[in-house]
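Chemist: Got a predicted structure here, sequence first:
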Amino acid sequence: MPVDERELKSMLDGEDCKIMAGGTDLLVRIRSGRLSPARVVSLARMKGMDDILDLGEEISIGSRVTMSELLDCELVANCCPILPMAIREIGSPQIRNRATLAGNLVNASPAGDSILALYLSNATVVIFGANGERREKASSFIKGPGKTTLSRDEYVNAILVEKTAGYFPQFYKVGQRSAMAIAVASVGSLISGTKIRMAFGSVAPTVAMPEKACEYFEKAGEEFDDREFTRLAMLAISPIDDVRASAWYRSTVVRNLVQRTLNVWRKKG
């Protein structure tokens, strides 16, 4: 197992390998035969990747930081509350003890609860590789289900999330068995005054953000109409039929959760 960046880069060079942080997604895919890498490289001994750092306007979360550690972190709870809201919906305590935020991001599932929170937090992915460091927004890092911009010789070193303590956070998920189930649909939001960020999970190839609806929210003023906001929000989704739910059901869930979001925000205000 590598202990520093130099050793890790040498292991990634010229061989089909996969990096393992928590292993909750990777090991399942290997055991099922969906992946067969020549080598699995564990980050268990990598220095500095288990840090949560206050960088002023952002929080840096190392690639080895687990979901449970994020839930226990006062800095994250106070400065980016949407993240623990979403993380509480992920799996069981045993899974959260091993699963990492970076691992969930690289897995790139459109149903990833934590990924939705990263989009809302305007997260930046810090990527190391043979050509040095590069940074990319989480929203452009993910290209589709299971697809990211990572090349074979690159790895995620950390994730930077904006502090959003000034926003009112909401996160709602509908699944078949609460947190133990993959979301049928989920809706998250951050609202502050006339500003809103909203994101949908499990209803498009990647997490969807209804930009037209958010623009309407910010510009409508006293003319704001819930029905028009919802109509514009629904333009952002493209749900499919699968074994978990129909496209019609997913659309219905999103519509109801959008309305719930507006109702809760209005009561809070």
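Modeler: The structure has been received and is ready for your questions.

Chemist: show me what contacts residue 249?
Modeler: Residue 249 makes contact with residue 184, according to C-beta atoms under 8 Å, 6 or more residues apart in numbering. Bear in mind the C-beta positions are built from the backbone N, C-alpha and C, glycine included.

Chemist: From residue 207, how far off is it?
Modeler: As judged by C-beta to C-beta, to the nearest Å, residue 249 and residue 207 stand 19 Å apart.

Chemist: before we move on, what about residue 11?
Modeler: Distance from residue 11 to residue 207, by C-beta to C-beta: 31 Å.

Chemist: Which parts of the stretch 151-269 of the chain are helices?
Modeler: 211-220, 226-234, 247-268 (DSSP state H, counting those that start in this stretch).

Chemist: Determine the angle, from 0 to 180 degrees, between the longest one and helix 226-234.
Modeler: With axes from the mean of the first three to the mean of the last three C-alpha atoms, to 10 degrees applied, the angle from helix 247-268 to helix 226-234 works out at 130 degrees.

Chemist: so for helix 247-268, what's the average pLDDT?
Modeler: Helix 247-268 carries an average pLDDT of 96.

Chemist: pLDDT at residue 179, what is it?
Modeler: pLDDT, read off for residue 179, is 47.

Chemist: rewinding a little: higher neighbour count, residue 11 and residue 207?
Modeler: residue 207 (26 against 14; other C-beta atoms under 10 Å).

Chemist: which residues touch the more buried one?
Modeler: Contacts of residue 207 by C-beta under 8 Å, 6+ apart are 110, 112, 115, 116, 119, 139, 142, 199, 200, 201.

Chemist: sorry, back to before: could you dump the helices of the stretch 151-269 of the chain to a markdown table with distance to residue 58?
Modeler: Formatted as a markdown table, those follow (distance: least, C-beta to C-beta, whole Å):
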| stretch | distance to residue 58 |
| --- | --- |
| helix 211-220 | 22 |
| helix 226-234 | 28 |
| helix 247-268 | 25 |
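
Chemist: So for residue 60, which of those sits nearest?
Modeler: helix 211-220 (26.6 Å; C-beta to C-beta).

Chemist: So which bits of the closest one are buried?
Modeler: For helix 211-220, burial by neighbour count (16 or more other C-beta atoms under 10 Å) applies to 213, 214, 216, 217.

Chemist: residues in contact with residue 80?
Modeler: Contacts of residue 80 by C-beta under 8 Å, 6+ apart are 59, 121, 161, 162, 163, 164, 165.

Chemist: Setting aside sequence-adjacent positions, which residue approaches it most closely?
Modeler: Setting aside the residues directly before and after it, residue 80 is nearest to residue 161 in space (C-beta to C-beta, 6 or more residues apart in numbering), at 5.3 Å.

Chemist: What of residue 144?
Modeler: Per C-beta to C-beta, 6+ apart, closest to residue 144 is residue 205, 4.9 Å.

Chemist: With residue 97 instead?
Modeler: residue 68 (4.8 Å).

Chemist: Would you mind measuring from residue 121 to residue 252?
Modeler: 28 Å.

Chemist: Give me the more crowded residue out of these two.
Modeler: A count of neighbours by other C-beta under 10 Å puts residue 121 above the other of residue 121 and residue 252, at 28 against 15.

Chemist: Would you mind measuring from the closest residue to that one other than its chain neighbours to residue 204?
Modeler: Closest residue to residue 121 apart from its sequence neighbours, by C-beta to C-beta, 6+ apart: residue 161 at 4.1 Å. Remark: distance between residue 161 and residue 204 (C-beta to C-beta) = 22 Å.

Chemist: and what of residue 164?
Modeler: 23 Å.

Chemist: Residue 5 touches residue 129, doesn't it?
Modeler: No. Counting by C-beta atoms under 8 Å, residue 5 stays clear of residue 129, with 10.1 Å between them.
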